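Colleague: I need the structure of the sequence given here:
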Amino acid sequence: MNTEESIKSFPENREPNYLTPKDRLSIQMRLNRIEGQVRGVQRQMVRDEYCDQILNQVEAIHSALNAVGIMLMSNHLKSYAASTDLKNSDSIAQEMLKTLFMLINRKDEEK
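Modeller: Numbers count the residues shown, from 1 in each chain. Okay, here's the model as predicted:
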């Protein structure tokens with residue numbers, strides 16, 4: 001599914017900005033840091049550095065991307081739960097987040 005198809009699949013009445021300005025800034029800062037880490041790995045490759053050092057940085061990038069994904073998913077789930085007429089929307093969002101954390105941890109263990 002490309003970006004256009006993905007956008008079209010969303011309901012027409014959804015709120016486009018579910019991130020608070022503070023969360024948006026935090027995510028942007030994390031992405032900027034990740035960008036710097038990726039550039040650092042590129043420099044390490046050019047300098048032909050030892051593989052363990054490069055792999056350590058790749059793992060740090062992976063963890064940082066997981067953290068961004070968790071923040072985005074958390075905000076998305078909370079906004080979805082808040083926009084529905086379901087009772088106990090916070091407990092629903094927390095349960096979904098617990099499942100998400102479990103899935104991410106499983107992927108890390110499969111390495």
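Colleague: rest of the way, CA atoms for contacts and neighbours
Modeller: Noted.
Colleague: thinking residue 27 is in contact with residue 69, fair?
Modeller: No. Using Cα atoms under 8 Å, residue 27 makes no contact with residue 69, being 9.3 Å away.
Colleague: Who has more neighbours out of the two?
Modeller: residue 27 (18 against 15; other Cα atoms under 10 Å).
Colleague: For the more buried one, grab phi and psi.
Modeller: With angles defined as degrees, to the nearest 10, residue 27 sits at phi -70, psi -40.
Colleague: Spit out the contact partners of it.
Modeller: Counting by Cα atoms under 8 Å, 6 or more residues apart in numbering, residue 27 touches 68, 71.
Colleague: Give the residue spans of this structure that score low on pLDDT.
Modeller: 1-17, 80-89, 95, 99, 103, 106-111 (pLDDT under 70).
Colleague: what's the distance between residue 22 and residue 71?
Modeller: 12 Å (Cα to Cα, to the nearest Å).
Colleague: between those two, who's got more neighbours?
Modeller: Neighbour count, other Cα under 10 Å: between residue 22 and residue 71, residue 71 has more, with 17 against 9.
Colleague: Can you tell me the closest non-neighbouring residue to that one?
Modeller: residue 27 (7.6 Å; Cα to Cα, 6 or more residues apart in numbering).
Colleague: tell me which element residue 18 falls in.
Modeller: Here residue 18, judged by DSSP states H and E, is contained in no helix and no strand.
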